[in-house]
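Asks: Structure for the following, please:
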Amino acid sequence: MTYEHERGFTLIEMMIVVAIIAILVAILVPNFVRARAQAQTAACEANLKEIATALELYQTDHEQYPTANNSPVVATDPNLAPYLKQTPIDPVNPAGQYTYTTVNPAQGDASYTITCPGQHDPGTMSAIGGSAGTQHIEYSSNAGFTAAQ
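Replies: This is a model prediction of the structure:
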C-alpha cells in the first residue's frame with residue numbers, strides 16, 4: 001500500500017493560514033474591546049437613571065429630596081429603600097458605590113447630583129460631552145448627563 005498520491009499541507013500553506021487568522025484577530029479584537037467599554041458606559045448611564053427615578057419618586061412622596069451630601073446609594077438606605085429593589089453596581093468599578101448629593105433650598109430650585117464611581121473609557125463618553133481627560137459620569141437633575149474628571 002503506497003501513499004505517494006496523498007500529501008499533507010506544506011509549511012508555507014500552514015504559515016499563510018496562520019497569518020490570515022492573525023490578521024483577522026488583530027482587526028476584530030479591538031472592536032470587541034471597544035464594544036465592551038461602550039456597553040459598560042451605557043449600563044452606568046442606565047444605573048444613574050434608575051437612581052434618579054428613585055430620587056424623583058421620593059420627591060413626589062415627600063415634596064423634597066432626601067438630605068444627602070455624597071451619600072452612598074444602597075438599597076438599605078431608609079430614604080431610597082422603598083424605591084430601589086437592589087443596590088446598583090457600576091460595571092466598571094464593582095467595588096465602588098454611586099453617591100448622591102441633594103440641594104433643598106427653602107425657596108427656589110431643589111436639585112440633586114449622582115456620581116458614578118468608575119473610570120470609563122473617555123472614547124465612550126463623547127455622547128455626553130466627554131473629552132480626553134474625562135472619565136467619570138455624573139447625572140444632575142438640572143443638566144442631565146455630564147462627563148467629569
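
Asks: Tell me which stretches of the protein form helices.
Replies: 11-62 (DSSP state H).

Asks: Ala39: what's it in contact with?
Replies: By C-beta atoms under 8 Å, 6 or more residues apart in numbering, the contact set of Ala39 is Pro91. To be clear about C-beta, it is placed using only N, CA and C from the backbone, and glycine gets the same treatment.

Asks: Just the pLDDT at it, thanks.
Replies: Here the pLDDT value assigned to Ala39 is 91.

Asks: and if you look at Glu6?
Replies: 66.

Asks: ditto for Lys49
Replies: pLDDT, read off for Lys49, is 94.

Asks: Kindly report the same for Gln107.
Replies: 61.

Asks: Return the helix or strand in the chain with minimum mean pLDDT.
Replies: Least confident helix or strand of the chain, by mean pLDDT, DSSP states H and E, is strand 144-148 with a mean of 84.

Asks: Give me the contacts around that one.
Replies: 45, 48, 115, 125, 128-131, 134-140.

Asks: By neighbour count, which of those wins?
Replies: Ile137 (28 neighbours; other C-beta atoms under 10 Å).

Asks: returning to that earlier point: quickly run through the sheet partners of the least confident helix or strand of the chain, with directions.
Replies: strand 136-140 (antiparallel) (DSSP bridges).

Asks: I'd like the average pLDDT over the partner strand.
Replies: In the prediction, strand 136-140 has an average pLDDT of 89.

Asks: And for that strand, what's in contact with it?
Replies: 41, 44-45, 48-49, 51-52, 111-120, 125, 128, 145-149.

Asks: ok, back up a step: orientation of the least confident helix or strand of the chain relative to helix 11-62 in degrees?
Replies: Strand 144-148 and helix 11-62 are oriented at 120 degrees to each other (axes from the mean of the first three to the mean of the last three C-alpha atoms, to 10 degrees).

Asks: ok so, going back, would you mind listing which of the contacts of strand 136-140 are buried?
Replies: 41, 44-45, 48, 51-52, 111-118, 120, 125, 128, 145-147 (16 or more other C-beta atoms under 10 Å).

Asks: Tell me how many other residues crowd the closest residue to Gln59 other than its chain neighbours.
Replies: Nearest non-adjacent residue to Gln59, counting by C-beta to C-beta, 6 or more residues apart in numbering: Tyr65, 5.2 Å away. A count of neighbours around Tyr65, defined by other C-beta under 10 Å, yields 20.

Asks: Right, I'll call it a day here.
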